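1. next one to model:
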Amino acid sequence: MGLVAVKCPQCGADAQLDEFREFGFCNYCGTKIMQDKIVVEHTGSVKVDNTESLKNYLSMAENAIKASNGKEAQEYVNKVLEINPESSYAWLLKMKTVALTATVGDSKFTETVSYANNAIKYASEDEKEEITHEVYLNYLDRATTILLISLSKLKDTAQIKSLAGISVNGVVQGDEVTRTLYLGNTNQALLFKTMIPVEYIESHEDMHEKVAQLAELYGSVCEADVKRLEIYGRKLTDEAINSRQKKLDLFMKGLPESTVNNISYDKVSTNSKSGCYVATAVYGSYDCPEVWTLRRYRDYSLALTWYGRLFITLYYAISPTIVKWFGHTQWFNKMWKGKLDRMVKKLQSLGYEDTPYNDKYREKYRE
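-> Here you go, the predicted model:
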């Protein structure tokens, strides 16, 4: 233990204090004596090398993304960004993690674009083109995934067909939520695609195939929706078809003319075929045993005579309006249900089957 010589500020006597204590007392007058200490301040900066830690966090984030663990990947990426908020690659990985945490109802479009912009912003001049290209490819992949999910859900019509027997309006209202959700998602897909400058698509041939596939996929989504509407005898409005055609144009934007010419507008321009309107309204589905029987009778009996064909023409001219006005009412369904049940029973006894059926003269029965 060392001693430090000090003077009492009160009586001036010499005293000694323990070097590790901040104060002591004068042996002569008892005054408290504070020990003076020299504090050395460092005015420069100390650089801490976190290179290895950053590499480890990024590696673990990459592994988490490969394992489709979005939450864990984000945690590692955030650790990198806390240390280096200008890490272009960390922002790129964070953009990719969003796809793993997005849902059918929320594509997290705004977050994705925000992280992607930071990835491009902080990229060095040598890396900027590569990072930009990866961002744009990710946009196309996100759009493709969204459309694939929508296509799968719209093609799944089992639940609609199981509702055959209730009023057609009940089926329409129940299915509207599903159609609104998955058709609405096509707008999200288009948003991702339109984030890529048209000039960029035009000048990068490796993107042409992906963009063309995206446009074809959108057409398939529209086609699946039309087939879904056919089940309960509904059609698209002319405005809806025009809107789909314009949207397809936007999906194809940036493609060379030779590629555009190979993409058909048929899928976005086709409307649902007309069915047995009254029967569909009564039984709730265009594809159910009773309506299959009636459609067979139409194609294999009525369509073979001139007066039968005249009846079919008049029926398809008048019945859509009648069903639109009264198809949702109880008295309409009650009035026709008994008549149609008896007719179906008689036709089945004559050999008209009630198994799944594709219209023989399908193109003739457009509304």
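2. how about the secondary structure of Gly24?
-> strand (DSSP: H, G, I helix; E, B strand; the rest coil).
3. could you find the closest non-adjacent residue to Asp354?
-> Pro289 (3.7 Å; C-beta to C-beta, 6 or more residues apart in numbering). Any C-beta I mention is one placed from the backbone N, CA and C, and that applies to glycine too.
4. neighbours around that neighbour, how many?
-> 17 (other C-beta atoms under 10 Å).
5. tell me how far it lies from Tyr283.
-> 9 Å (C-beta to C-beta, to the nearest Å).
6. shaky segments in the stretch 151-300 of the chain?
-> 159-174, 232-233, 272-277 (pLDDT under 70).
7. recalculate using a threshold of 50.
-> 164-168 (pLDDT under 50).
8. can you list the domains in the protein?
-> 3-34, 52-123, 146-269, 277-365 (automatic domain parsing).
9. closest to Asn138 out of these?
-> domain 52-123 (6.4 Å; C-beta to C-beta).
10. what's the average pLDDT for that closest one?
-> Domain 52-123 carries an average pLDDT of 93.
11. kindly check the end-to-end length of it for me.
-> With C-alpha to C-alpha, to the nearest Å applied, domain 52-123 spans 20 Å between its terminal residues.
12. hmm, back to that, the residue nearest to Asp354 and Thr194: what is the separation?
-> Counting by C-beta to C-beta, the gap from Pro289 to Thr194 is 46 Å.
13. same question for Asn358.
-> Taking C-beta to C-beta, one finds Asn358 at 38 Å from Thr194.
14. and those two? which has more neighbours close in?
-> Neighbour comparison, Asn358 and Thr194: the larger count goes to Thr194, with 15 against 9 (by other C-beta under 10 Å).
15. phi first, then psi, for the more buried one.
-> phi -80, psi -10 (degrees, to the nearest 10).
16. give the contact list for it.
-> 250, 253 (C-beta atoms under 8 Å, 6 or more residues apart in numbering).
17. and Ala13, by the same measure?
-> With C-beta under 8 Å, 6+ apart, Ala13 has these contacts: 7, 26-29.
18. can you check Ala61 too?
-> With C-beta under 8 Å, 6+ apart, Ala61 has these contacts: 73, 76-77, 80, 90, 93, 97.
19. go again with 6 Å.
-> Contacts for Ala61 were tallied using C-beta atoms under 6 Å, 6 or more residues apart in numbering; they are 73, 76-77, 93.
20. then Val282?
-> Val282 neighbours (C-beta under 6 Å, 6+ apart): 333, 336-337, 340.
21. now it: which helix or strand?
-> Element membership of Val282 [criterion: DSSP states H and E] is helix 277-283.
22. likewise Ser264?
-> Short version: Ser264 belongs to no helix or strand, going by DSSP H and E.
23. state the distance from it to Tyr218.
-> Taking C-beta to C-beta, one finds Ser264 at 12 Å from Tyr218.
24. okay, those two: which has more neighbours?
-> For Ser264 and Tyr218, the more surrounded residue by other C-beta under 10 Å is Tyr218, and the numbers stand at 27 against 12.
25. quick check: that one is in a strand.
-> No: under three-state DSSP, Tyr218 falls outside any strand and is assigned helix.
26. let me see the contact set for it.
-> Contacts of Tyr218 (C-beta under 6 Å, 6+ apart): Phe251.
27. please renumber so the chain begins at 53
-> Will do, 53 is the new start, and the previous item becomes Tyr270.
28. quick check, Leu307 in a strand?
-> No: counting by three-state DSSP, Leu307 falls outside a strand, being coil.
29. circling back: you'd agree the residue nearest to Asp406 is up against Thr407?
-> No: using C-beta atoms under 6 Å, Pro341 makes no contact with Thr407, being 7.7 Å away.
30. hmm, back to that, can I get the helix holding Val334 in PDB, CA atoms only?
-> The C-alpha trace of helix 329-335 is given here as PDB (Å, rounded to 0.1, in the frame of the first residue of the first chain):
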ATOM      1  CA  TYR A 329     -80.200 -20.300 -66.200                       C
ATOM      2  CA  VAL A 330     -83.400 -21.200 -64.300                       C
ATOM      3  CA  ALA A 331     -82.100 -24.600 -63.300                       C
ATOM      4  CA  THR A 332     -78.800 -23.100 -62.200                       C
ATOM      5  CA  ALA A 333     -80.700 -20.600 -60.100                       C
ATOM      6  CA  VAL A 334     -82.900 -23.300 -58.500                       C
ATOM      7  CA  TYR A 335     -80.200 -25.900 -57.900                       C
END
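31. off-centre distance for that helix?
-> 34 Å (C-alpha atoms, centre = their mean, to the nearest Å).
32. and stretch 395-409, by the same measure?
-> The answer for stretch 395-409 is 43 Å, by C-alpha atoms, centre = their mean.
33. what does that stretch rub up against?
-> So stretch 395-409 is contacted by 341-342, 344-345, 347-349 (C-beta under 6 Å, 6+ apart).
34. quick one: mean pLDDT over that stretch.
-> 90.
35. between the two ends of that stretch, how far is it?
-> 18 Å.
36. same check on stretch 128-142?
-> Stretch 128-142: ends 9 Å apart by C-alpha to C-alpha.
37. buried residues, that stretch. List them.
-> 128-129, 131-133, 139-142 (16 or more other C-beta atoms under 10 Å).
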